[in-house]
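Engineer: need a structure here:
(one chain, ligands or ions: 1)
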Amino acid sequence: MLTKSEIYEATVCDYTAEGQGIAKVEGCAVFVPNAIFGERCRIRIERAQKTWAAGKIVEILEKSPHRVNRECEVAKLCGGCDFWHMDYAEESRLKADRVRQALNRIGGENLEEVPILPAPTCQSYRNKAQYPVAQRKGKAYAGFFRAGTHQVVENRRCLILPEEMDQVKDAVIDYVDQFRVSVYDETTGKGLLRHIYVRKGVVSGQILVCLSVNGRKLPHVPELLNRLQKIPGFTTLVLTVNQKQGNAVLGEEFITLFGPGYIEDTLCNLNFRLSPRSFYQINHHQAQRLYQAAIEQAQITKADTVLDLYCGVGTISLAMAAAAGKVIGVEVIPQAVEDAKDNARRNGIENAEFFCGDAGKAALELEAKGIRADVAVVDPPRKGLNADTIEALHRMSPRRIVYVSCDPATLARDVALLKEKGYRLQNALAVDLFPRCAHIETIVCLSKLADTHIEMEIDPEELNTITAKVSPTNLTPEREAAIREAFQYYGLI
Ligand code: SAH
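Structural biologist: Here you go, the predicted model:
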């Protein structure tokens, strides 16, 4: 065990899922924030356990060529981003490698490389902001939580957000100060304003402002609107009633104070309606590339039924509808399902159906009704698929499963589980939707082993001949291997 407060010299040899550097000291993994792969550092141990320790850089003895000056003023304090201390080339490399390592270690793969689609820009890319609000000496301020705390770090200009979002924040803070609107205090549970939520349609330019309040009313609404209407694109103001303890931003109830209560945006040439609650990928450009990759990997034909589990407002389902016979989307949040139905209508799409419910349970019910999916798309939250979903996929036996994931570890776990059900990994691609932050999106395609023989164009007659022949002689090794695999799949050998 390492000694607390002691300083050790070590080289950073890897990264954690949260983007911290890992250095090995006397066989013990030391997690070091702000450290870059290859750097030789003097590290002070802050916390020591048997197999791991947490440390801080005291001095960098050999600096990485990827180390840069932080462009963001509050990067060191703010818990929002993780990578302002390194260049984007290193960030992309480590993200792709994290996906590769997860698929190999947990998913049982043996991949030498996972390709990544890096983002074309690291700035102003987010289409959604959620600022917690706090108060100091009677003056309100907003920003982001300090890593691992609920302490608000004031951020005047957040570089990953478009400028209008900071303008909204400033306008709301100005209004709060002028009209002495109370600010929520977590410790007492008193005070009104909790969070400023802003969503922007990147193509439409429309802005939705949703204020999370510990109450049902807001004073001086016209004066607030007066300020917000000066911001280009401001379209609608909504209140969300959030009277529960905890860090959820949105409550259950929404009250529209101005405008339609939603905004519109265009994604993959489709028009979408977005309410505050609806899930919508926060990086518009990269989301389009992600969905494009999903469409390519799904290899859909007009005869196919596509099942889109965890469909949100129907983005992937609707982007795939033109190529498919039919798409069925399943989503647990009723408001998102309503949006998805409306999105189908507003785009004139008639071959899409949406159901509200738990993905796994709904898929099992659909399967029991005799509905089969030729292709399945799953895009679950971080915890990944549950047992019901895996079981439903197994029973429905789609030819291909396109898995969009925001957590490489749970993705890799599910890949291993799906492999047990007769699937195999066809390809994996990381797509960076979150530059400067440790999150990474991955898309993988799994196919039923039987696909091999379709892809290799082995016809069933040939299979019969070969069964009879037992040992084929006129085949290339690849073809023989594919046929063997197909035999195994059909239980012939
Ligand atoms: N595919 C969509 C949404 C992906 S985010 C898109 O790309 O825009 C994941 C979605 O899963 C969210 O909309 C969330 O509300 C939904 N979800 C979470 N748990 C679920 C469950 N158990 N069953 C169905 N949907 C669920």
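Engineer: what helices or strands is the strand or helix carrying Ile316 leaning on?
Structural biologist: When secondary structure is defined using DSSP states H and E, the element that contains Ile316 is helix 315-321. Using 3 or more Cβ pairs under 8 Å, 6 or more residues apart in numbering; DSSP states H and E as the contact criterion, the elements in contact with helix 315-321 are strand 270-274, helix 284-298, strand 305-309, strand 326-331, helix 334-346, strand 352-356, strand 375-378. Every residue, glycine included, has its C-beta placed from N, CA and C.
Engineer: could you dump that helix to PDB, C-alpha only?
Structural biologist: C-alpha atoms of helix 315-321 as PDB (Å, rounded to 0.1, in the frame of the first residue of the first chain):
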ATOM      1  CA  THR A 315     -35.000  10.500 -34.400                       C
ATOM      2  CA  ILE A 316     -33.400   7.200 -35.400                       C
ATOM      3  CA  SER A 317     -36.800   5.500 -36.300                       C
ATOM      4  CA  LEU A 318     -37.800   8.300 -38.600                       C
ATOM      5  CA  ALA A 319     -34.400   8.600 -40.200                       C
ATOM      6  CA  MET A 320     -34.600   4.900 -41.100                       C
ATOM      7  CA  ALA A 321     -38.300   4.900 -42.100                       C
END
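Engineer: contacts for that helix?
Structural biologist: Outside helix 315-321, the residues within contact range by Cβ atoms under 8 Å, 6 or more residues apart in numbering are 267-268, 270, 272, 280-281, 287, 291, 294-295, 298, 300, 306, 308, 311, 327-329, 340, 343-344, 347, 349, 351-352, 354, 377, 379, 404.
Engineer: of those, list those near the ligand.
Structural biologist: Checked against the ligand using Cβ under 6 Å from any ligand atom, the contacts of helix 315-321 give the following subset in range: Tyr280, Gln281, Cys311, Asp379.
Engineer: look at Ser471 and report its pLDDT.
Structural biologist: At Ser471, the pLDDT value in this model is 39.
Engineer: now do the buried residues in stretch 115-126.
Structural biologist: Residues of stretch 115-126 classed as buried under the neighbour-count rule (16 or more other Cβ atoms under 10 Å) are Ile116, Leu117, Pro118, Ala119, Cys122, Tyr125, Arg126.
Engineer: ok, so of those residues, who is nearest Asp87?
Structural biologist: Here the nearest of the buried residues of stretch 115-126 to Asp87, counting by Cβ to Cβ, is Cys122; it sits at 9.8 Å.
Engineer: state the pLDDT value of the closest residue to the closest one other than its chain neighbours.
Structural biologist: Nearest residue to Cys122, sequence neighbours excluded (Cβ to Cβ, 6 or more residues apart in numbering): Pro435, at 3.9 Å. The confidence metric pLDDT takes the value 98 at Pro435.
Engineer: try the one 3 residues further on
Structural biologist: Looking at Ala438, its pLDDT reads 97.
Engineer: what's the answer for Pro477, then?
Structural biologist: Each residue has a pLDDT score; the one for Pro477 is 67.
Engineer: returning to that earlier point: please report how far the residue nearest to Cys122 lies from His285.
Structural biologist: Spatial separation of Pro435 from His285 under the definition Cβ to Cβ, to the nearest Å is 11 Å.
Engineer: joint contacts of the two?
Structural biologist: When contacts are counted by Cβ under 8 Å, 6+ apart, Pro435 and His285 have Ala119, Thr121, Tyr125 as shared neighbours.
Engineer: re earlier: so which of the helices and strands packed on helix 315-321 gets nearest Val58?
Structural biologist: Across the helices and strands packed on helix 315-321, Val58 has its closest neighbour in helix 284-298 (37.0 Å, Cβ to Cβ).
Engineer: tilt between the closest one and strand 305-309?
Structural biologist: Relative orientation of helix 284-298 and strand 305-309, computed by axes from the mean of the first three to the mean of the last three Cα atoms, to 10 degrees: 140 degrees.
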